[in-house]
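Asker: build me a model:
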Amino acid sequence: MKKNILIDLDMTITDLHSTFMSIWEKKYPKRKTIKIQDRKHFKITDEYPEKYKDDIKKIINEPSFFKNMIAIENAIECVKYLAKNHEVIICTSPIQTPGCHSAKWDWVLENLGEALAKSMVIVKDKTLIRGDYLIDDNHEISGIYKPSWKQIVYKQGYNSIITENCFCWEMGIDKLLEIIK
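Answerer: As a prediction, the model looks like this:
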């Protein structure tokens with residue numbers, strides 16, 4: 001049976017962390033870097049001392065940042081495969097920076113195709129969006145409604161305390177298909 005699958009973009013399809021770190025290391029080679037597996041917080045700004053937060057925001061607020069994101073290995077192929085057999089909607093949260101919306105749309109168009117770009121939803125409160133499943137790295141999603149979807153937590157270092165309904169692309173599409181039966 002065809003399912004309605006919502007999939008987050010940042011840190012679920014795109015590797016915001018690696019994209020950020022490649023710029024951070026070039027701009028600030030003497031500053032601390034954090035590997036993804038060592039992250040403890042959902043927001044990258046929470047990983048660094050207060051004195052670095054403005055520098056972090058400058059990188060993320062660059063108009064080209066979201067457009068030039070690196071894809072997580074196997075994500076593009078798996079999302080395209082899912083879209084052939086299910087209703088897939090990219091459901092991503094905005095970051096309050098000029099150009100974020102259009103840059104994310106451009107990325108989806110270029111990497112996942114026109115159909116997924118046209119159906120993409122950019123919304124702060126994901127509980128507003130109806131679906132059967134939401135694949136998202138944020139394991140603490142809340143909003144004004146009780147979600148209509150069941151969450152599948154996309155595994156990252158900062159959400160490793162979650163052990164049920166977890167998935168990452170390297171597990172393979174068959175594992176995801178088992179979960180969404």
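Asker: going forward, measure contacts between C-alpha atoms and count neighbours the same way
Answerer: Noted.
Asker: what's the distance between the residue of the chain most remote from its centre and H41?
Answerer: Computed with C-alpha atoms, centre = their mean, the residue of the chain farthest from its C-alpha average is K30, at 28.1 Å. In this structure, K30 and H41 are 22 Å apart, going by C-alpha to C-alpha, to the nearest Å.
Asker: same question for S22.
Answerer: Separation of S22 from H41 (C-alpha to C-alpha): 19 Å.
Asker: compare these two (neighbour count), which wins?
Answerer: The residue with more neighbours, out of S22 and H41, is H41; 14 against 11, by other C-alpha atoms under 10 Å.
Asker: these two touch, right, that one and I34?
Answerer: No: using C-alpha atoms under 8 Å, H41 is not in contact with I34, being 11.2 Å away.
Asker: overlap in contacts, those two.
Answerer: E47 (C-alpha atoms under 8 Å, 6 or more residues apart in numbering).
Asker: picking up where we left off before, who's in contact with the residue farthest from the centre of the chain?
Answerer: Going by C-alpha under 8 Å, 6+ apart, the list of residues near K30 is empty.
Asker: before we move on, what about L134?
Answerer: Contacts of L134 (C-alpha under 8 Å, 6+ apart): 5-8, 149-152.
Asker: direction included, what does the strand or helix carrying it pair up with?
Answerer: Element membership of L134, judged by DSSP states H and E, is strand 133-136. Strand pairing for strand 133-136, determined by DSSP bridges: strand 4-7 (parallel), strand 150-154 (parallel).
Asker: which residues are contacting the last one?
Answerer: So that's strand 150-154. 12, 132-139, 162, 165-168.
Asker: and if we set it to 10 Å?
Answerer: Outside strand 150-154, the residues that touch it by C-alpha atoms under 10 Å, 6 or more residues apart in numbering are 5-8, 11-13, 131-141, 159-160, 162-169, 176, 179-180.
Asker: what packs against the helix or strand containing A83?
Answerer: Here A83 sits within helix 75-85, counting by DSSP H and E. Where contact means 3 or more C-alpha pairs under 10 Å, 6 or more residues apart in numbering; DSSP states H and E, helix 75-85 is packed against strand 4-7, strand 87-92, helix 100-112, helix 114-119, helix 173-179.
Asker: redo these as CSV? Include mean pLDDT, mean neighbour count and distance to M69.
Answerer: Shown next, in CSV, are these (pLDDT from 0 to 100; neighbours: other C-alpha atoms under 10 Å; distance: least, C-alpha to C-alpha, whole Å):
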stretch, mean pLDDT, mean neighbour count, distance to M69
strand 4-7, 98, 24, 16
strand 87-92, 98, 22, 14
helix 100-112, 94, 19, 8
helix 114-119, 97, 16, 15
helix 173-179, 92, 13, 22
